[in-house]
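# Here is my input; please provide its structure:
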Amino acid sequence: MSRTRRSTPGAAPLKVLFVASEMAPLIKTGGLADVAGGLPKALVQQGLDVRVLLPGYADLAVRRQEFDLEAGFVPPADMADAQLRHLPADCAGVPVWLLESPGFSDRPGNPYLDPHGRDWADNAHRFNRLCRVAAQLAGGRAGLAWRPDIVHANDWQTGLTPVWMMLERVDRPVLFTIHNLQYRGDFESGLLPELKLPFWLHHPDALEFHGRIALIKGGLVFADAISTVSPTYAREIQTPDLGEGLDGLLRHRKAVLHGVLNGIDTAAWDPATDGHLPVHYTADRWAAKAEIKRALQAEVGLAPRDDVPVLGFIARLIPQKGIDLILDILPELMALPVQLVFLGSGMPDMEHRLRQACASAAGQAACRIGFDEGLAHRIEAGADLFLMPSRFEPCGLNQLYSLRYGTPPIVHHCGGLADSVVDTDASSLATGTANGFQFAPATSMALLDAVRRALKCYNDKDTWHKIVQAAMAQDFSWAHSAGRYQTIYAQLRAPLQHDPSR
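So this is what the prediction gives:
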């Protein structure tokens, strides 16, 4: 079976309803938004007819009211206050339906959290409405001419979509994608009647999870296939360590569990054209990277040195991202001929430790607490090595940016990091595939050993040139990932091809 399936000339393109709770550039809190912003566009470019269903939040990056309502839209019977607005493809790169509904369009702020950082109390009700409308669209009962062939739902917020499709006997296959299994959508079981769901769903073979309900189980149990955002993470979540209590269910469904590595926006992240950089470079025109390094050193307060590598770190300052592994060995790192630059925010104690550590090593280590998109691009381009010691990482994006920018990453062997970074050793150097450095287990000493290995390679310019060239030769565009998803869609549709009622 070919990796990429495009529509057969003369045949109607495959119709996909992509359901998500966030989408870049309209609204973003994490990696799901990047997927929703990149994958549907890549699928459209490969000939599919894709529509995205998204909550019409008050704080979108566009003014909702400037876009037309779908006059013929028929919501579920008890959701008369729901409406759809239609954003054309030139707004977000793909046609988008915004669900106007209480709890979405009338509430500013974070999509999931109140001003105190707690989950909105009605999250289950809000996202249940999104799922019901998705099922209505999938069933061709929404009063619109367009009906999908495939429904692609994402994370717990859309986990009830296949449940409602099952209850309403909607005959369309569903692919459910897990972006981070830590977020399950856990709620009290007493909510089921309020959500108009039958109480038999409070069962271990349905939504029940340790006496409560986990909405993500709607997707894991009732979807026709499951995917996650890297092959290694697909294996890891079938283990007790990273399965979040759902590993047994995922092992049970492993025959329809796929791991597809995410892509990146190769237009926004391109060292040859990046508007955040003072100069540009390519794999063939490499000298300008040193100029960006000097500019980065000046910007963040590092000593202007060409003879030592700069190690960059961009992430939330939380244990999952391994910032504590770096802080625990910072004295040892400072004894090496390196400089370090950090960008991120997170736990107050981590921020405090990082500020103190950088203040005590002024000129050799620098940090910016917060987030700065332009500085993130300049760190990726101006650093020589990128530190990404995450304890777990479903996919990860910064290692993909680093590879594209010729900044070999140092990563813990896990998830998407293991799938995208090829450890440098004699064998990978001989085959020309070495593009970074891996370490395991997730300990400070293992990280320090990997840094020392990387410095040895950095000081051998021929070896370093091979690593950098291999890194920049990688293809992590969304087109590659879209081809894999097309294959999954085709497998889901195959049993239906000879059924004229579908």
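
# Residue 176 sits in which helix or strand?
strand 174-178 (DSSP states H and E).

# And that strand, how far out from the chain middle?
14 Å (Cα atoms, centre = their mean, to the nearest Å).

# Run through who's touching it.
The contact list for strand 174-178 (Cβ atoms under 8 Å, 6 or more residues apart in numbering) reads 35, 150-155, 158-159, 161-162, 165, 216, 219-220, 222-229, 237, 394, 485, 488-489, 492. All C-beta atoms are positioned from the backbone trio N, CA, C, and that covers glycine.

# name the helices or strands packed onto the following helix or strand past that strand?
Counting by DSSP H and E, the next helix or strand C-terminal to strand 174-178 is strand 186-187. With contacts taken as 3 or more Cβ pairs under 8 Å, 6 or more residues apart in numbering; DSSP states H and E, strand 186-187 sits against strand 212-214.

# after the strand it packs on comes which helix or strand?
helix 216-222.

# ok so, going back, the strand holding residue 176 pairs with which strands, parallel or anti?
Sheet partners assigned to strand 174-178 using DSSP bridges are listed as strand 150-154 (parallel), strand 225-228 (parallel).

# just those strands: most buried one?
strand 150-154 (a mean of 27; mean count of other Cβ atoms under 10 Å).

# how about the next helix or strand after that strand: buried residues?
Counting by DSSP H and E, the next helix or strand C-terminal to strand 150-154 is helix 161-167. When burial is assessed from 16 or more other Cβ atoms under 10 Å, helix 161-167 yields the following buried residues: 161-165, 167.

# And for stretch 247-256?
For stretch 247-256, the neighbour count (16+ other Cβ under 10 Å) marks 247, 249-250, 253 as buried.

# Dump these to TSV, plus pLDDT.
Listed next are those as TSV, based on pLDDT from 0 to 100:
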residue	pLDDT
247	98
249	98
250	98
253	98
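
# okay, those in CSV with distance to residue 142 and secondary structure next?
Converted to CSV, those look like this (distance: Cβ to Cβ, whole Å; DSSP: H, G, I helix; E, B strand; the rest coil):
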residue, distance to residue 142, secondary structure
247, 37, helix
249, 31, helix
250, 32, helix
253, 29, coil
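
# which one of the residues you listed is nearest residue 334?
Nearest to residue 334 among those is residue 247, at 40.3 Å by Cβ to Cβ.

# quick one: that closest one from residue 418, how far?
Going from residue 247 to residue 418 by Cβ to Cβ, to the nearest Å gives 18 Å.

# ok, now residue 442?
Counting by Cβ to Cβ, the gap from residue 442 to residue 418 is 12 Å.

# okay, these two: which has more neighbours?
residue 418 (22 against 17; other Cβ atoms under 10 Å).

# how about the more buried one, what does it touch?
Contacts here follow Cβ under 8 Å, 6+ apart; on that basis residue 418 touches 230, 232, 411, 438.

# Assign the third one to one of the three secondary structure states.
Pointing back at residue 411 there. Put simply, residue 411 is strand when judged by DSSP: H, G, I helix; E, B strand; the rest coil.

# And the pLDDT for it?
Note for residue 411: predicted pLDDT of 98.

# residue contacts, it?
Going by Cβ under 8 Å, 6+ apart, residue 411 touches 388-390, 393, 396, 399, 417-418, 421, 436-439.

# which residues touch residue 161?
By Cβ under 8 Å, 6+ apart, the contact set of residue 161 is 19, 131, 134-135, 138, 151, 153, 174, 176, 218-219.

# change it to 7 Å
By Cβ atoms under 7 Å, 6 or more residues apart in numbering, residue 161 lies in contact with 19, 131, 134-135, 151, 153, 174.

# just residue 209 next, same as before
Contact partners of residue 209, counting by Cβ under 7 Å, 6+ apart, are 184, 186, 217, 245.

# repeat that for 8 Å
Shown in contact with residue 209 (Cβ under 8 Å, 6+ apart): 184, 186, 217, 245-246.

# May I have the beta-bridge partners of it?
Counting by DSSP bridges, residue 209 is bridged to residue 212.
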